[in-house]
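[1] no sequence on hand, only this structure:
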């Protein structure tokens, strides 16, 4: 008995000594051995202090989102933001909620400028890459995002359109190749192809009228729609017969009287359009065009989603708007209209930038951009371009395109209101010219 007790004691001492020795030489092995012994003996997990601590409460962040002119895409954006919230909670334990605004295109730019100037800044805001980016960058409202993952994904031609001084300052949303929209079925039924000159367009208009088809849809209730004539006419002319127009205007040396021919296509459209133009806004216009109320609409491809929601069988194409009989003036407008950025003084800048990166997430963004009917902008976008994108690409690949002219926003705003009044015969051509010249000079003075 004594011998047995002595042996047992010796074994116990040796076991304890071995365990201590093992722990000193290899901490992990010693811990594993000890835990395994304890687990086996007690039939329960080892006591771990970390396991007993409650999970850290998530950090709560409310992002203020300002998406001007994108109210027609509210459902898609709100749904995508919720996906981002799930990702941010899972990966960073940040609980994100959203205070999202979708003001209309007519007043959104002024609201945003006021907010930024007074310090009431959103965390993420939309802006027009062509119109707004230069002034916003100069005013210090844009964050340098060049080192963010999304910047390396941008298609080269698109990257330039959201960069200032070689710095990427925004995520491109709507990459556009646009001119006017036409009803492919009507054109096909009547054997019409998109005209290349103003003279040919007049012939198309006559053929449509001879066949009881209204040539153009007019929807001038919202001033930004007649404003579309400005970039289309100026863009075509400054890339052909009036190459110095922009420089002269920016130097207070030019006048819209120099390109008065811009009114030729405007007059043709206005004289051959649908009735009740001032009763029709963008949504009504999209519905009427989708239902064949007119053969053509001076409108951009950003309305593709609205049109197809009204009539998913609608087949429409895009072509450059003829403004004269000079073949060099027939060009597609290439631009990034809507882009998203973050102001440097955002209160939730890190989370806001996370959201911008998620906008171009390699997987999720394919579905987002496709649902919005937008063009691919990322090297990792794999969805097939839409037919109207391929229509425009024919002209772009043939060298018949131009970058959306950098016309001051104030001039574009003025042109919309002036062209409404011109259609309503409250302003003459000369009145419109004077109003646009004045607005451009005032924009030059404000930018100094």
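    Structure's in. What do you need? Worth saying up front: this structure is predicted, and the values here are computed from it rather than measured.

[2] go through stretch 296-308 and flag the buried ones.
    Residues 296-308 are the ones in stretch 296-308 that count as buried (16 or more other CB atoms under 10 Å). Using the backbone N, CA and C atoms, a C-beta is placed for each residue, glycine as well.

[3] how long is it end to end?
    With CA to CA, to the nearest Å as the measure, the first residue of stretch 296-308 is 16 Å from its last.

[4] any idea of the mean pLDDT in it?
    Mean pLDDT, computed over stretch 296-308, is 93.

[5] just give me how far that stretch sits from the chain centre.
    With CA atoms, centre = their mean, to the nearest Å as the basis, stretch 296-308 stands 15 Å off its chain's centre.

[6] closest to residue 324 out of the buried residues of stretch 296-308?
    Residue 324 lies nearest to residue 298 out of the buried residues of stretch 296-308, by CB to CB, at 15.9 Å.

[7] thinking again about what came up before, okay, the buried residues of stretch 296-308 in TSV with distance to residue 258 and secondary structure next?
    Listed next are the buried residues of stretch 296-308 as TSV, based on distance: CB to CB, whole Å; DSSP: H, G, I helix; E, B strand; the rest coil:
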residue	distance to residue 258	secondary structure
296	28	strand
297	28	strand
298	22	coil
299	27	coil
300	26	coil
301	30	helix
302	30	helix
303	31	helix
304	35	helix
305	38	helix
306	36	helix
307	36	helix
308	40	helix
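
[8] out of these, which one sits closest to residue 263?
    Closest to residue 263, out of all of the buried residues of stretch 296-308 and judged by CB to CB, is residue 298, at 13.8 Å.

[9] gap between the closest one and residue 175?
    According to CB to CB, to the nearest Å, residue 298 and residue 175 sit 20 Å apart.

[10] before we move on, what about residue 388?
    From residue 388 over to residue 175 (counting by CB to CB), the distance is 13 Å.

[11] who touches stretch 286-299?
    Here stretch 286-299 makes contact (CB atoms under 8 Å, 6 or more residues apart in numbering) with 180-183, 185-187, 208, 213-217, 219, 225, 228-229, 232, 269, 273-274, 280, 285, 303, 306-308, 310-311, 314, 316, 321.

[12] out of those, which are buried?
    Neighbour counting with 16+ other CB under 10 Å marks 180-183, 186-187, 208, 213-217, 219, 225, 228-229, 232, 269, 273-274, 280, 285, 303, 306-308, 314, 316, 321 as buried within the contacts of stretch 286-299.

[13] tell me who's in contact with the nearest residue to residue 439 once chain neighbours are set aside.
    Nearest non-adjacent residue to residue 439, counting by CB to CB, 6 or more residues apart in numbering: residue 414, 4.0 Å away. Contact analysis of residue 414 by CB under 8 Å, 6+ apart lists 435-436, 438-439.

[14] which of the residues you listed sit farthest apart?
    436 and 438, at 7.3 Å, using CB to CB across the contacts of residue 414.

[15] who has more neighbours out of the two?
    In this view residue 436 and residue 438 are compared by other CB atoms under 10 Å, and residue 436 has more residues nearby, 22 against 13.

[16] re earlier: quick check: which element contains the residue nearest to residue 439?
    Element membership for residue 414, per DSSP states H and E: helix 409-423.

[17] what's the first helix or strand after that helix?
    Moving toward the C-terminus from helix 409-423, the next helix or strand (DSSP H and E) is helix 429-447.

[18] just checking, what packs against whatever helix or strand residue 98 lives in?
    Using DSSP H and E, the element containing residue 98 is strand 94-101. In terms of contacts (3 or more CB pairs under 8 Å, 6 or more residues apart in numbering; DSSP states H and E), strand 94-101 is packed against strand 59-66, helix 74-92.

[19] out of the buried ones among the contacts of stretch 286-299, which sit inside helices?
    Those of the buried ones among the contacts of stretch 286-299 mapping onto helices are 186-187, 208, 229, 232, 269, 285, 306-308, per DSSP state H.

[20] could you work out the most separated pair of the residues you listed?
    229 and 308 (24.7 Å).

[21] how about residue 66, what does it touch?
    Taking CB under 8 Å, 6+ apart, one finds 101, 103, 108, 111-112, 115, 122, 124-126 in contact with residue 66.

[22] restricted to helices, list the residues you listed.
    Applying DSSP H to the contacts of residue 66, the entries found in helices are 108, 111-112, 115.

[23] hmm, residue 340 and residue 142 touching each other?
    No: using CB atoms under 8 Å, residue 142 is not in contact with residue 340; the gap is 10.9 Å.

[24] comparing those two, which residue is more hemmed in?
    Between residue 142 and residue 340, counting by other CB under 10 Å, residue 142 is the more crowded of the two (24 against 21).

[25] and that one, what are its phi and psi?
    Dihedral pair for residue 142: phi -120, psi 140, per degrees, to the nearest 10.

[26] what stretches of the stretch 251-400 of the chain score poorly on pLDDT?
    Within the stretch 251-400 of the chain, no stretch falls below the threshold (pLDDT under 70).

[27] one more time with 90, if that's ok
    302, 305, 334-337, 372-376, 383-386, 389-390, 393, 396-399 (pLDDT under 90).

[28] just the strands in it please.
    Under the criterion DSSP state E, counting those that start in this stretch, the stretch 251-400 of the chain contains strands at 296-297, 316-319, 332-336, 338-341.

[29] circling back to that earlier point, can I have the buried ones of the contacts of residue 66 as a PyMOL selection?
    Listed next is the PyMOL selection for buried residues among the contacts of residue 66, using 16+ other CB under 10 Å:
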select buried, resi 101+103+108+112+115+122+124+125+126
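
[30] so who does the closest residue in space to residue 272 that isn't next to it in sequence touch?
    Once flanking residues are discounted, residue 272 sits nearest to residue 215: 4.3 Å by CB to CB, 6+ apart. Shown in contact with residue 215 (CB under 8 Å, 6+ apart): 204-205, 208-209, 269, 272-273, 294-296.

[31] where's residue 215 relative to residue 326, distance?
    On the measure of CB to CB, residue 215 and residue 326 end up 22 Å apart.

[32] check what pLDDT the residue nearest to residue 163 when sequence neighbours are not counted gets.
    Leaving aside its sequence neighbours, residue 163 sits nearest to residue 169 (CB to CB, 6+ apart; 6.7 Å). On the pLDDT scale, residue 169 is placed at 97.

[33] wait, what's in contact with residue 169?
    133, 137, 142-145, 162-163, 341.

[34] make it 10 Å
    Taking CB atoms under 10 Å, 6 or more residues apart in numbering, we find residue 169 in contact with 127, 129, 133, 136-137, 141-146, 151, 162-163, 339, 341-342.

[35] swap in residue 117?
    By CB under 10 Å, 6+ apart, the contact set of residue 117 is 139, 141.
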